[in-house]
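*Asks:* Predicted structure and sequence below. I'll ask about it afterward.
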Amino acid sequence: MATPRGKPPGPTRFSEQLYQGWEKAMGAWWDQVLQSPSFLGAMSENLVSRTQARATYERTMEGAMDRMHLPTRKDIGRVARVATLLEERLLAQEDLLLSMKDQLAAAQRDAVQARIDTAQARLELKDQLIQLRGELASLQVTTQPAELAAPVEPPAPAAPASSPRKSRARRGAP
């Protein structure tokens, strides 16, 4: 005969029902235990006792380690923090050094380029000077020697015009 669920009766079905019944009973029992004030109070006392025992153990171990001149967990943690801070500072200094190295290389490139530009400008000026000297020499050769030999007299300075009153004053006239 088939059951309404479509499974034949047998040991598998019986074990499933047994497991489900056990699960429901255990769930109800744990719910009841976890809601019990006496259980919660005992668990709280247990937690407080464990915390106090742990603190006592740590203090005892720190004292023993200190008497043996060995580092404690706190000492090792402090050293690790200091090492981490030093590592961060060292990395920052390395980054700064690399940045300064790049800036120095750029400044050197700029200085070399400026020197090259200055040298090129001087060469161009020298070429222009040589060309101007050549043009000047050719102009001097083509001009008439008489024109160059004749001195050019500068114009005579103009005599200041005297006013009639001043000339009378010199002569003694009123």
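*Replies:* Everything's here; your move. Numbers count the residues shown, from 1 in each chain.

*Asks:* Show the average pLDDT along stretch 128-142.
*Replies:* Stretch 128-142 comes out with an average pLDDT of 89.

*Asks:* Check stretch 59-67 too.
*Replies:* 91.

*Asks:* can you count the residues close to Met61?
*Replies:* 12 (other C-beta atoms under 10 Å). (C-beta placed from N, C-alpha, C; glycine too.)

*Asks:* which stretch of helix or strand covers it?
*Replies:* Met61 belongs to helix 37-67 when assigned by DSSP states H and E.

*Asks:* Likewise for Gly27?
*Replies:* helix 11-34.

*Asks:* Need the mean per-residue confidence for that helix.
*Replies:* 90.

*Asks:* And that helix, what's buried?
*Replies:* Judged by neighbour count (16 or more other C-beta atoms under 10 Å), helix 11-34 contains no buried residues.

*Asks:* Stretch 129-148 now?
*Replies:* Buried-residue list, stretch 129-148, by 16+ other C-beta under 10 Å: empty.

*Asks:* where's that stretch relative to the chain centroid, distance-wise?
*Replies:* Offset of stretch 129-148 from its chain centre (C-alpha atoms, centre = their mean, to the nearest Å): 65 Å.

*Asks:* repeat for stretch 12-22
*Replies:* The answer for stretch 12-22 is 68 Å, by C-alpha atoms, centre = their mean.

*Asks:* How about Asp66, nearest residue that isn't a chain neighbour?
*Replies:* Thr72 (6.7 Å; C-beta to C-beta, 6 or more residues apart in numbering).

*Asks:* okay, now Asp75: neighbour count?
*Replies:* 13.

*Asks:* Next one: it from Leu97, what distance?
*Replies:* Computed with C-beta to C-beta, to the nearest Å, the distance linking Asp75 and Leu97 is 32 Å.

*Asks:* Need the pLDDT of Thr56.
*Replies:* Confidence score, pLDDT, at Thr56: 96.

*Asks:* Kindly provide the distance from it to Ala83.
*Replies:* Taking C-beta to C-beta, one finds Thr56 at 30 Å from Ala83.

*Asks:* now swap in Glu62 and tell me
*Replies:* From Glu62 to Ala83 the distance is 21 Å (C-beta to C-beta).

*Asks:* of the two, who's got more company?
*Replies:* Taking other C-beta under 10 Å, Glu62 and Ala83 do not tie; Glu62 has more neighbours (14 against 10).

*Asks:* Can you classify His69 by secondary structure?
*Replies:* coil (DSSP: H, G, I helix; E, B strand; the rest coil).
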